[in-house]
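Novice: I would like to see how this sequence folds:
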Amino acid sequence: MAIGLDNEGFSDALVILGAAGLVIPAFARFRISPVIGFILVGLLVGPAGLGALSDRFPWLYYITISDPHSIEPFAEFGIILLLFSIGLELSFKRLWGMRRLVFGTGAAELIGSAALIGIALHMIGQGWAGAAGLGLALALSSTALVLPLVGTTSAVGRGAFAMLLFEDLALVPIIFALGAMAPTASDEGWAGLAGVALRGGLTVVALYVGGRLVLPRLFAQAARTKSPELFLAASLLVVIVASVATTAAGLSPIVGALLAGLLIAETEYHSEVEVITAPFKGLALGVFLITVGMSLDLRLIAANWGSLLLAVVGVVAVKTVVTYLLLRVTQARPAIAAETGLLMGSPSETTLIVLATAAQAQLILPSTATFWQTVTAIGMTITPLLAKAGRQVSKRIEARMVEAAPVIEPGAVPGTVLIGFGRVGRMVADMLAHHGQSYLAVEADIDVVSEARAAGYPVLFGDVARAELVDRLGLASARALILTMDDPVLTVRLARRMRAVAPDLPIIARARDAGHAAELYRAGVTDAVPETLESSLQLSEAVLVDLGVAMGPVIASIHEKRDELRQLIRREAALDREPRIRRVRRQGEIPA
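Specialist: Just a heads-up that it's a prediction; the model follows:
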């Protein structure tokens, strides 16, 4: 039987798929996180947006979400797939190595943030039980939003993941604890919590043992069929079984999803599983973000904007400060601690679950729950903005720390000065160090500087486009100046300026092509090395030899082409000598 557009599920599915097809490419075009796009779509097509006008304009039915609650299971499945994909990127060995960060810093961050928020709410009139429930709810951060922004392997991602993992593990105990704190609760609530802990532990052990025995055989059979559909079905089956098992034991389904990912990560099939499930994870996560946008009510926000703004700022500030201080205690760099703190500042999708539990347990009033649900939705919406602000703050902190380093006095420059420390600059630095030549590198990208200094390279932060920095470095007293920046205009300008103040200084510059090399020679460099020419010539040599052309004619043609390029650069630069365009020769090769 054909499905008509009047079917609510079919209509809502079309809206969601259409949103994904429009949001992802549109926001990628402007280099904006699609997270914001999905949330805005949810706000637009939800019951507080165009959906509120569907009674007056029936045609809006086809471009709005008719039943917001009908897509919530798909949103929850998106979070489950996200945790599954995170598990695929990890291993039990790495997870065990993070145990202190998870159960130390993670626990301290949750408890510390919850305590401070709860005390502040009690001071403004909330009862102790309700303040505790609200504190625990608002202290949670969003796994679904944070990890896609920073991953799990970066310095920021590792700290954030550890804290988020503890929060996910603590979710079910928090829910049981709030139920036990209810005015009508008995001592059975705490006994139930102990029972959940026991059942959960046994379930996790059973899944681990069973997974190590069954999964390799299951995926081996799926791989033998060479059917992507069967491989996908096996992957989703593992996720669903693990999630159902942990849910039946009283734990969160996301714990089962994470465990499933960890088990598959130990097999040789994890890469294939990761690739084949990625589209489903992205789409389901988009559905979750749309539900976040639909929870925003602009009229409610406009009527209470002052108190909502104060609440959002207060929650973000408390969590940021607590996270920053804890990471600093663990010897994290100030920039990393600040960026992680801001990233973890907003509430979470699990905050909504805990708020509903607190309201059901009569710890808070329904109106209070509604207010903090709106705060949570706003906080989740601004998470990408907090991430961007965190990166900017991190760069500023690193810049201050680098600039506070001892200044190189004019005349004290050690040997060679290397401007630019990307892939080319680092290779040159390694060769200089290998041959015992002292050097100093200057780089304008603070992230590159931080990474290089952590690896032991002598690199200063600075932008050579500023004349005062060039003067401070005293480049005229260097033995040689090497320009490796990927900025043709700045390279020419700096070469011209240094040749004017230091006529005898050897200046070796990276050029993009023959035309840029000629321009650099006119600016006064000693040698310009066109990066594209030699790689192109060597690529041509390799393909010709592989095609069966004799080595002798190939080498002769390469030398002939190189000589043409020499003459081209010499004519354009009006040189009285031949420029250096050469490579290291193989034994027995005809000299160029």
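Novice: Tell me how many other residues crowd residue 104.
Specialist: Residue crowding around residue 104 was assessed by other CB atoms under 10 Å; the count is 16. (Glycine included, C-beta is placed from N, CA and C.)
Novice: do you know how far the closest residue to it other than its chain neighbours is from residue 396?
Specialist: Closest residue in space to residue 104, ignoring its immediate chain neighbours: residue 330 at 7.9 Å, by CB to CB, 6 or more residues apart in numbering. According to CB to CB, to the nearest Å, residue 330 stands 22 Å off from residue 396.
Novice: Ok, residue 446 next?
Specialist: Going from residue 446 to residue 396 by CB to CB gives 9 Å.
Novice: Please say which of these two ends up with more neighbours.
Specialist: Remark: of residue 446 and residue 396, residue 446 carries more neighbours, 20 against 13, as counted by other CB under 10 Å.
Novice: pretty sure the more buried one contacts residue 397?
Specialist: No: if you go by CB atoms under 8 Å, residue 446 and residue 397 don't touch, sitting 9.2 Å apart.
Novice: joint contacts of residue 446 and residue 396?
Specialist: Jointly contacting residue 446 and residue 396 under the rule CB atoms under 8 Å, 6 or more residues apart in numbering is no residue at all.
Novice: re earlier: report how many residues lie close to the residue nearest to residue 104.
Specialist: 14.
Novice: now residue 15
Specialist: Applying other CB under 10 Å, we find 19 residues neighbouring residue 15.
Novice: quick check, it in a strand?
Specialist: No: applying DSSP: H, G, I helix; E, B strand; the rest coil, one finds residue 15 to be helix, outside a strand.
Novice: what sits against residue 44?
Specialist: 50, 293.
Novice: With the one 4 residues further on instead?
Specialist: Counting by CB under 8 Å, 6+ apart, residue 48 touches 294, 296-299.
Novice: For those, give me JSON lines that also has distance to residue 349, secondary structure and pLDDT.
Specialist: Formatted as JSON lines, the contacts of residue 48 follow (distance: CB to CB, whole Å; DSSP: H, G, I helix; E, B strand; the rest coil; pLDDT from 0 to 100):
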{"residue": "294", "distance to residue 349": "13", "secondary structure": "helix", "pLDDT": "78"}
{"residue": "296", "distance to residue 349": "14", "secondary structure": "coil", "pLDDT": "76"}
{"residue": "297", "distance to residue 349": "17", "secondary structure": "coil", "pLDDT": "77"}
{"residue": "298", "distance to residue 349": "20", "secondary structure": "helix", "pLDDT": "78"}
{"residue": "299", "distance to residue 349": "23", "secondary structure": "helix", "pLDDT": "80"}
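Novice: Can you flag the buried ones in these?
Specialist: Buried members of the contacts of residue 48, scored by 16 or more other CB atoms under 10 Å, are 294, 296-297.
Novice: Switch those over to JSON lines; also include distance to residue 205.
Specialist: Formatted as JSON lines, the buried ones among the contacts of residue 48 follow (distance: CB to CB, whole Å):
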{"residue": "294", "distance to residue 205": "39"}
{"residue": "296", "distance to residue 205": "42"}
{"residue": "297", "distance to residue 205": "45"}
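Novice: Looking at those, which is nearest residue 423?
Specialist: Nearest to residue 423 among the buried ones among the contacts of residue 48: residue 296, at 44.1 Å, using CB to CB.
Novice: The closest one contacts residue 381, correct?
Specialist: Yes: contact criterion CB under 8 Å: residue 296 and residue 381 qualify, at 6.9 Å.
Novice: which residues are in contact with both of those two?
Specialist: With CB under 8 Å, 6+ apart as the test, residue 296 and residue 381 both reach residue 39.
Novice: what about the helices in the stretch 351-500 of the chain?
Specialist: In the stretch 351-500 of the chain, the segments counted as helices under DSSP state H, counting those that start in this stretch are 366-381, 383-403, 423-434, 446-454, 467-473, 488-501.
Novice: winner for burial among those?
Specialist: Mean neighbours per residue, mean count of other CB atoms under 10 Å, is largest over those for helix 366-381, with a mean of 20.
Novice: What are the contacting residues of it?
Specialist: Looking at what lies outside helix 366-381 - CB under 8 Å, 6+ apart - the contacts are 36, 39, 126, 130, 134, 137-138, 142, 145, 292-293, 295-297, 300-301, 304, 307-308, 311-312, 315-316, 345-349, 351-352, 355-356, 358-359.
Novice: Report the angle between it and helix 383-403.
Specialist: On the basis of axes from the mean of the first three to the mean of the last three CA atoms, to 10 degrees, helix 366-381 is oriented at 50 degrees to helix 383-403.
Novice: and helix 366-381, how far from the chain's centre?
Specialist: What separates the centre of helix 366-381 from the centre of its chain is 26 Å, taken as CA atoms, centre = their mean, to the nearest Å.
Novice: quick one: residue 390 and residue 337 touch, right?
Specialist: No: contact between residue 390 and residue 337 fails when scored by CB under 8 Å: they sit 10.2 Å apart.
Novice: Go through the helices of the stretch 351-500 of the chain and find the least confident stretch.
Specialist: Mean pLDDT is lowest for helix 467-473 among these, at a mean of 71.
Novice: so where is the stretch 51-200 of the chain shaky, pLDDT-wise?
Specialist: In the predicted model of the stretch 51-200 of the chain, residues 66-68, 90-91, 94, 172, 179-180, 182-193, 196 satisfy pLDDT under 70.
Novice: the helices in it, which residues?
Specialist: Ranges of helices within the stretch 51-200 of the chain are 72-89, 92-97, 99-100, 107-123, 128-139, 143-150, 155-180, 188-224, based on DSSP H, counting those that start in this stretch.
Novice: One more: the stretch 201-350 of the chain?
Specialist: Under the criterion DSSP H, counting those that start in this stretch, helices of the stretch 201-350 of the chain are mapped to 228-248, 253-265, 270-294, 298-303, 305-329, 334-343, 349-360.
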